[in-house]
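J.: After the sequence you'll find the predicted model.
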Amino acid sequence: MANFTNHRQVRSTRVSISLPPELHERLLRLSEQQQRSLSNLCAVLLSAAIDQQAPLN
């Protein structure tokens, strides 16, 4: 999984997605529990999900 605790400045790309209200609420609650920003939580979860996928070779 990608390391999102690195303190070096890294340029990130912004994306915009539409979420069902229930999913948004779940993500907000989880981000609060983990003391992360919503953006960071989404990046961590997406990275973990992609890492679990089969290689795209």
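T.: Ah, there it is. Numbering: from 1, shown residues only.

J.: Run through the protein and note the low-pLDDT ranges.
T.: Within the chain, the stretches with pLDDT under 70 are 1-8, 56-57.

J.: all strands for it, in order.
T.: Listed in chain order, the chain contains no strands at all (DSSP state E).

J.: which residues in the chain form helices?
T.: Using DSSP state H, the helices of the chain run over residues 21-33, 38-51.

J.: Highest mean neighbour count out of those helices?
T.: Among these, helix 38-51 has the highest mean neighbour count (mean count of other C-beta atoms under 10 Å), at a mean of 14. All C-beta spots, glycine's among them, are computed from the backbone N, C-alpha and C.

J.: Could you list every helix and strand in contact with it?
T.: Based on contacts counted as 3 or more C-beta pairs under 8 Å, 6 or more residues apart in numbering; DSSP states H and E, the elements that helix 38-51 packs against are helix 21-33.

J.: Who are the packing partners of the helix it packs on?
T.: Applying 3+ C-beta pairs under 8 Å, 6+ apart, we find helix 21-33 packed against helix 38-51.

J.: hey, C-alpha coordinates of the helix it packs on in CSV?
T.: Listed next in CSV are the C-alpha coordinates belonging to helix 38-51 (Å, rounded to 0.1, in the frame of the first residue of the first chain):
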residue,chain,number,x,y,z
LEU,A,38,-11.8,12.6,3.9
SER,A,39,-9.5,13.1,1.0
ASN,A,40,-6.7,11.1,2.6
LEU,A,41,-9.0,8.3,3.7
CYS,A,42,-10.3,8.0,0.1
ALA,A,43,-6.7,7.9,-1.3
VAL,A,44,-5.7,5.2,1.2
LEU,A,45,-8.8,3.1,0.6
LEU,A,46,-8.5,3.4,-3.2
SER,A,47,-4.8,2.5,-3.1
ALA,A,48,-5.5,-0.6,-0.9
ALA,A,49,-8.2,-1.7,-3.3
ILE,A,50,-6.0,-1.3,-6.3
ASP,A,51,-3.2,-3.1,-4.6
